[in-house]
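Asker: kindly generate the corresponding structure for this input.
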Amino acid sequence: MSRQRRSTRGGQNRLRIIGGQWRGRRLEFPDIPGLRPTPDRVRETLFNWLQTEIVGARCLDLFAGSGALGLEALSRGASQVVLVDESSAATRQIEANLQRLHANAAAVVHMAVQTFLERGPDDARYDIVFLDPPFAQGLIKTSIDLLAEKGWLTPGARIYLETENPLRELPLPADWQLLKEKTSGQVTYRLAHT
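Answerer: Residues are numbered from 1 along each chain as shown. Below is the predicted model:
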């Protein structure tokens, strides 16, 4: 994680909400190896891409980590956000941040993402999914396959995919289409839709 993306105060890392009702709010996240909030510049681009879809959307933030993407979605008018992460330290801090913001339209799930996705969505379907797994662990392909196979997505859903740069080829399901793709530093980020 670069110094630009992470500042410390009392041993805590901080991120900034960059748009919407909580614009400028700074929130803490735990110091966990590999935890790297999506940089401000990338989040700004992503939410510019999603500006016509975010208001009223049901969002799923997988590998939520700091919660930066899910919290940004809530700030910008998403109707509901479910944030999933297997780290208890991360999920506790996301819950604390949601309480600090008085955000009632979110749920935090402490569970491995693969386990969460394998059980299926029941009646829940999502308009926007943020998929930003830890790098170099092969988690992106499995997550994409489970999202498609288990019926997690609404028709026309948008899926944000953040990966390490060496991962140039990203096999998408046949009924998904890549809409946007950019690279920033060591990160490649994409937006696909169903």
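Asker: so which bits of the lengthiest helix in the chain are buried?
Answerer: In the chain, taking DSSP state H as the definition, the longest helix is helix 88-101. Judged by neighbour count using 16 or more other C-beta atoms under 10 Å, the buried positions of helix 88-101 are A90, T91, Q93, I94, E95, N97, L98, L101. All C-beta atoms are positioned from the backbone trio N, CA, C, and that covers glycine.
Asker: I'd like these laid out as CSV, including distance to A174 and pLDDT.
Answerer: Below are the buried residues of helix 88-101 laid out as CSV (distance: C-beta to C-beta, whole Å; pLDDT from 0 to 100):
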residue, distance to A174, pLDDT
A90, 33, 94
T91, 34, 95
Q93, 38, 94
I94, 34, 95
E95, 38, 96
N97, 38, 95
L98, 37, 96
L101, 39, 94
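Asker: tell me which helix or strand comes right after the longest strand along the chain.
Answerer: Taking DSSP state E as the criterion, the chain has its longest strand at strand 153-164. Next in sequence after strand 153-164, counting helices and strands by DSSP states H and E, comes strand 177-184.
Asker: show me what that following strand is packed up against.
Answerer: helix 40-49, strand 187-193 (3 or more C-beta pairs under 8 Å, 6 or more residues apart in numbering; DSSP states H and E).
Asker: which other residues reach the last one?
Answerer: The set of residues that contact strand 187-193 without belonging to it, under C-beta atoms under 8 Å, 6 or more residues apart in numbering, is 38-39, 42, 45-46, 49-50, 156-165, 167-168, 170, 172, 176-183.
Asker: ok, now the longest one?
Answerer: In this structure, residues lying in contact with helix 40-49 by C-beta under 8 Å, 6+ apart are 5, 16, 18-19, 38, 54, 68-69, 72-73, 76, 160, 162, 179-180, 182, 184, 187, 189, 191.
Asker: could you dump stretch 107-124 to PDB, C-alpha only?
Answerer: Provided in PDB are the C-alpha atoms of stretch 107-124 (Å, rounded to 0.1, in the frame of the first residue of the first chain):
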ATOM      1  CA  ALA A 107     -25.300  -5.200   6.500                       C
ATOM      2  CA  VAL A 108     -21.800  -6.600   7.400                       C
ATOM      3  CA  VAL A 109     -21.200 -10.300   6.900                       C
ATOM      4  CA  HIS A 110     -18.200 -11.900   8.600                       C
ATOM      5  CA  MET A 111     -17.500 -14.900   6.400                       C
ATOM      6  CA  ALA A 112     -15.200 -16.100   3.700                       C
ATOM      7  CA  VAL A 113     -16.400 -14.700   0.400                       C
ATOM      8  CA  GLN A 114     -16.400 -18.100  -1.400                       C
ATOM      9  CA  THR A 115     -18.500 -19.600   1.400                       C
ATOM     10  CA  PHE A 116     -20.900 -16.700   1.200                       C
ATOM     11  CA  LEU A 117     -21.300 -16.900  -2.600                       C
ATOM     12  CA  GLU A 118     -21.600 -20.700  -2.600                       C
ATOM     13  CA  ARG A 119     -24.700 -20.700  -0.500                       C
ATOM     14  CA  GLY A 120     -26.600 -18.600  -3.100                       C
ATOM     15  CA  PRO A 121     -28.500 -15.400  -2.800                       C
ATOM     16  CA  ASP A 122     -32.000 -16.600  -1.600                       C
ATOM     17  CA  ASP A 123     -34.200 -13.700  -2.700                       C
ATOM     18  CA  ALA A 124     -31.400 -11.200  -2.900                       C
END
